[in-house]
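> Generate coordinates for the sequence data below:
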Amino acid sequence: MGERKAWSDKRAEIMSRPGAGASYEAARLRREELGLTQAELAERAGLQQPAVARFEAGGTMPTIPMLERLAEALEVRLSVQFQPLREAS
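Residues are numbered from 1 along each chain as shown. Predicted structure coming up:
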């Protein structure tokens, strides 16, 4: 069995991938576009403000239900899809 990694190491690995932070950034920009504070978004989504702050910072591995709640609160559609990996040339 593989060695367990600390969350901070796993997060750093995930966030180092190209485009990894784009969705977190898009959510923050959408919140600001709507004129909402983190606390107001949290209230709309039925979360606590620190959960929104961790999400925007990429400091959490959100569940699909959490993403659905945030999407509804941000007035956007959540789209989760599988895409084929591009083969190296």
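
> Show me which helix runs longest in this protein.
helix 22-33 (DSSP state H).

> Show me what the mean pLDDT comes to for stretch 82-89.
The predicted model assigns stretch 82-89 a mean pLDDT of 72.

> Give the residue spans of the protein that score low on pLDDT.
1-2, 87-89 (pLDDT under 70).

> now do 50
Filtered on pLDDT under 50, the chain yields the residue ranges 89.

> where exactly do the helices run in it?
Assigned by DSSP H, the helices in the chain fall at 7-15, 22-33, 38-45, 49-56, 64-73.

> so can I have JSON lines of those helices showing distance to residue 85 and mean neighbour count?
(C-beta placed from N, C-alpha, C; glycine too.) Shown next, in JSON lines, are these (distance: least, C-beta to C-beta, whole Å; neighbours: other C-beta atoms under 10 Å):
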{"stretch": "helix 7-15", "distance to residue 85": "16", "mean neighbour count": "12"}
{"stretch": "helix 22-33", "distance to residue 85": "18", "mean neighbour count": "14"}
{"stretch": "helix 38-45", "distance to residue 85": "32", "mean neighbour count": "18"}
{"stretch": "helix 49-56", "distance to residue 85": "26", "mean neighbour count": "18"}
{"stretch": "helix 64-73", "distance to residue 85": "21", "mean neighbour count": "16"}
